[in-house]
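J.: My questions are about this predicted structure, shown below with the sequence.
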Amino acid sequence: MRVADAPTNPPRLRLRVTATAESMIRGGHPWLYDASIRDQNRAGKPGELAVIFDRRDKFLALGLYDPLSPIRVRVLHCGKPANADDAWWRERLRSSLARRDGLFDAQTTGYRCISGESDGWPGLVLDRYDTTFVLKLYTAAWLSRVGEVVGWLRDALGSAEHCWALSQVALPAEQCSALRLVLRLSRNIQSLAEKEFNLREGQMLIGDAPAGPVVFLESGIRFEAEVIRGQKTGFFLDQRENRRRVETLAAGRDVLNAFSFSGGFSLYAARGGARSTTDLDISPHALDSARRNFALNAADKNIAACRHVCVQADTFDWLAASDRADFDLVILDPPSLAKRETERAGAIQAYRRLALLGIPRLRPGGILVAASCSAHVSATEFYDAVTDALRSSRRPFVEITRTAHAPDHPATFPEAQYLKCVFVRLEP
């Protein structure tokens, strides 16, 4: 009787790339597109480690393979050969979390812990909301590795010895048992995740599901985050530094917060002494959240004294319906207006039109805060659109400052540089 051959492991997935792609990878770019692969030794599976070789057949880089995406490999490491074993991953996690050391005190318990490619975890984001963490995956390359990631995070975040070691805030050891980890999935991988890996959007990976929104602190202000079903990971943490700037400018002013979502800018303005804040959003759900956030902070005397108004309407339509100068500070922070490159030109025009509609609502000496989170629109294109609108208004103005990413949201390559914001004062 013939004994069947013992199963053998497939050879390591090996790729060779174009000269242009090789140069980009050497320069630190973390994406390898399918069109840049000259040849590979076999088909790869989602999440498999792929070794990229240069034109001299020498090691170039190591990355996570994703046969379902035009971004075929998410680069993890470039340079000398590396062994991506368990210890390597744990050290990478420790380094990512350590980058947040000293950034926040006990008054801020909501922030980004891992920011994808820019922290060495391509296509993966980890956000903290007090004792609840949200893991968001943007590529199928991580689906087969979720169990490993959970183990690394549990050890790094949940042990009594190193509980919350990701910051200099040391919470009591008994609170470590309250650790929650929620899984959020990009829409394009949700079906595959459930069918092939039994993973679902909003699934609890550690701990029990919260009964409702999770409450956390940002600069001492209490906010709720809808970690199970809310946008992004439950809150827009990336605008924290700009909210802080608004607080310093808001005293005695009537503030319009357009595309207000859950009222973040408005709460900072109110605490800064604003006379009134108007939250303008098309979503009644978002406005209800804004009202709850104001109620959470009713003990603050400035917030309690500020008149808070909510208006449900399309921002473009509402601004176009009147040019009454009712406000001293107007914040224009729309969602992404260009989700793909083909929408870029239209988005640039939309940013210009939005500024043109917002400027007439400002009284003399008023301040315009205009922001963009569209990665396909460059900073230059966005600032030019806003500046053109200001010049077209024929109102003299002085630019106060331009801002980009907060320190917990690093952006180390061009496609990651999505956030830009400009503060402008109109002359009296």
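T.: Done, it's in.

J.: Let me see the contact set for residue 185.
T.: 136-137, 193, 199-201 (CB atoms under 8 Å, 6 or more residues apart in numbering). Backbone N, C-alpha and C define where each C-beta goes, glycine included.

J.: Model confidence for the nearest residue to residue 325 once chain neighbours are set aside, exactly?
T.: Distances taken as CB to CB, 6 or more residues apart in numbering place residue 363 nearest to residue 325, at 4.7 Å, with adjacent residues excluded. Residue 363 is assigned a predicted lDDT (pLDDT) of 97.

J.: what's the answer for the one 3 residues further on, then?
T.: With respect to pLDDT, residue 366 has a value of 98.

J.: buried set for the helix or strand bottoming out on mean pLDDT in the chain?
T.: Every helix and strand in the chain was compared by mean pLDDT, DSSP states H and E; the lowest is helix 146-158, with a mean of 92. Under the neighbour-count criterion of 16 or more other CB atoms under 10 Å, helix 146-158 has 146, 149, 152-153, 156-158 buried.

J.: same thing with stretch 304-311?
T.: 306, 308, 310-311.

J.: now stretch 290-306
T.: Quick answer for stretch 290-306 (16+ other CB under 10 Å): 290, 292-294, 296-297, 300, 302-303, 306.

J.: Going by length in residues, pull out the top strand of the protein.
T.: strand 362-372 (DSSP state E).

J.: Against which helices or strands is the following helix or strand past that strand packed?
T.: Scanning forward in sequence from strand 362-372 by DSSP states H and E, the next helix or strand is helix 379-392. Helices and strands touching helix 379-392, by 3 or more CB pairs under 8 Å, 6 or more residues apart in numbering; DSSP states H and E, are helix 344-358, strand 362-372, strand 397-403, strand 420-426.

J.: which residues touch the residue nearest to residue 325?
T.: 325-328.

J.: mind checking how far residue 152 is from residue 25?
T.: Remark: distance between residue 152 and residue 25 (CB to CB, to the nearest Å) = 25 Å.

J.: Residue 113 too?
T.: For residue 113, the distance to residue 25 - CB to CB - is 26 Å.

J.: repeat for residue 277
T.: Relative to residue 25, and taking CB to CB, residue 277 is found at 47 Å.

J.: Please apply the same query to residue 194.
T.: Residue 194 is 33 Å from residue 25, by CB to CB.

J.: Tell me which of those two has more neighbours.
T.: Shown here are residue 194 and residue 25; by other CB atoms under 10 Å, residue 25 has more neighbours (22 against 14).
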